[in-house]
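Chemist: need coordinates for the following:
(one chain, ligands or ions: 1)
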Amino acid sequence: MSIEQFFKKISAQRLDNSGAPSMCPPAGSSATVGSTIAYTESIKKSIDANQINIVGNPIVKQTCPFVAAARLNDVRQRGGESLLTEQEVAALTLRPEVFAWVPENIFPGVRMKCPACESIVSSGRWSRNRTLHGLAKQAVYITKEYICYKCAAVPTSKRSATTSGDSCKQKPRKQKQFQADAPEALAVLPAHVSSMWHFANSG
Ligand SMILES: [Zn+2]
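Modeler: Numbers count the residues shown, from 1 in each chain. Next up is the predicted model:
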């Protein structure tokens, strides 16, 4: 589909939607635009499935909105559905960049370590989305949180054998939970990795 054809379709759609167009896709549509939150969730799933490569660059840029609109319209057209509304096209153009701080995906060979015992932690789960404020624009900031089960698995006898004094007062070590951008987690990463994270955390 050419750009000219695309805008002709958009114009036709504008006439068809002379009432109050809705952001909702047609019922059962296979091609939805979705909210920023839904878009960010799709980015997370794509990173987990290795469908988005962030090696060396944690910034996920949006697909050109015109290309994305043309693809969605093609899918809808094949399914006999109505084309994108103006609001949906606008939503496509406003999709933000996403900064994904997942060191094991950015740096080949790097594994996350528990800040307490420095054991390798195999997998993490996505934490809440935050906003990355730049000088001229904002991006969505995402990272993962991890749990070290080895911290919790250390037997009491082994711990007390390594310490002197009253072992009865030793408290069992709890599972260690941490985020990839926590200062203690950055501290056990290689310097070339931790030096890439140079932001101020405002909460
Ligand atoms: Zn640990």
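Chemist: check contacts around the most centrally placed residue in the chain.
Modeler: Geometric centre of the chain, nearest residue: residue 44, 3.9 Å, by CA atoms, centre = their mean. Taking CB atoms under 8 Å, 6 or more residues apart in numbering as the criterion, residue 44 is in contact with 100, 126, 142. Heads up, the C-betas are built off the backbone N, CA and C, glycines and all.
Chemist: which is the next helix or strand following the helix or strand hosting the first one?
Modeler: Taking DSSP states H and E as the definition, one finds residue 100 inside strand 98-101. As assigned by DSSP H and E, the chain's next helix or strand after strand 98-101 is helix 103-106.
Chemist: and that following helix, average pLDDT?
Modeler: Helix 103-106 shows a mean pLDDT of 95.
Chemist: show me where this protein has its strands.
Modeler: Here the chain has its strands, by DSSP state E, at 59-60, 98-101, 124-126, 130-133, 138-148, 176-179.
Chemist: next, count neighbours for the nearest residue to residue 91 once chain neighbours are set aside.
Modeler: In space, and not counting its chain neighbours, residue 91 is closest to residue 33: 5.0 Å by CB to CB, 6 or more residues apart in numbering. Burial of residue 33 is recorded as 22 neighbouring residues (other CB atoms under 10 Å).
Chemist: next: residue 105.
Modeler: By other CB under 10 Å, 18 other residues sit near residue 105.
Chemist: mind giving me the domain ranges of this protein?
Modeler: In terms of domains, the chain is parsed into 3-95, 105-158+167-194 (source: automatic domain parsing).
Chemist: weakest of those domains in terms of mean pLDDT?
Modeler: domain 3-95 (a mean of 76).
Chemist: hang on, the earlier thing: mind giving me JSON lines with the domains of the chain and columns for distance to residue 203?
Modeler: Converted to JSON lines, the domains of the chain look like this (distance: least, CB to CB, whole Å):
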{"stretch": "domain 3-95", "distance to residue 203": "19"}
{"stretch": "domain 105-158+167-194", "distance to residue 203": "8"}
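Chemist: nearest to the ion, out of the ones you listed?
Modeler: Shortest distance between the ion and the domains of the chain, using CB to the ion, is found for domain 105-158+167-194: 3.1 Å.
Chemist: for the closest one, measure first residue to last.
Modeler: Separation of the first and last residues of domain 105-158+167-194 by CA to CA, to the nearest Å is 14 Å.
Chemist: over to stretch 54-71?
Modeler: One end of stretch 54-71 to the other measures 23 Å (CA to CA).
Chemist: and it, how far from the chain's centre?
Modeler: Chain-centre distance of stretch 54-71: 13 Å, with CA atoms, centre = their mean, to the nearest Å.
Chemist: and what of stretch 45-56?
Modeler: Computed by CA atoms, centre = their mean, the chain-centroid distance of stretch 45-56 equals 9 Å.
Chemist: now it: buried residues?
Modeler: 47, 52, 54 (16 or more other CB atoms under 10 Å).
Chemist: let me know the closest of the residues you listed to residue 40.
Modeler: residue 47 (10.8 Å; CB to CB).
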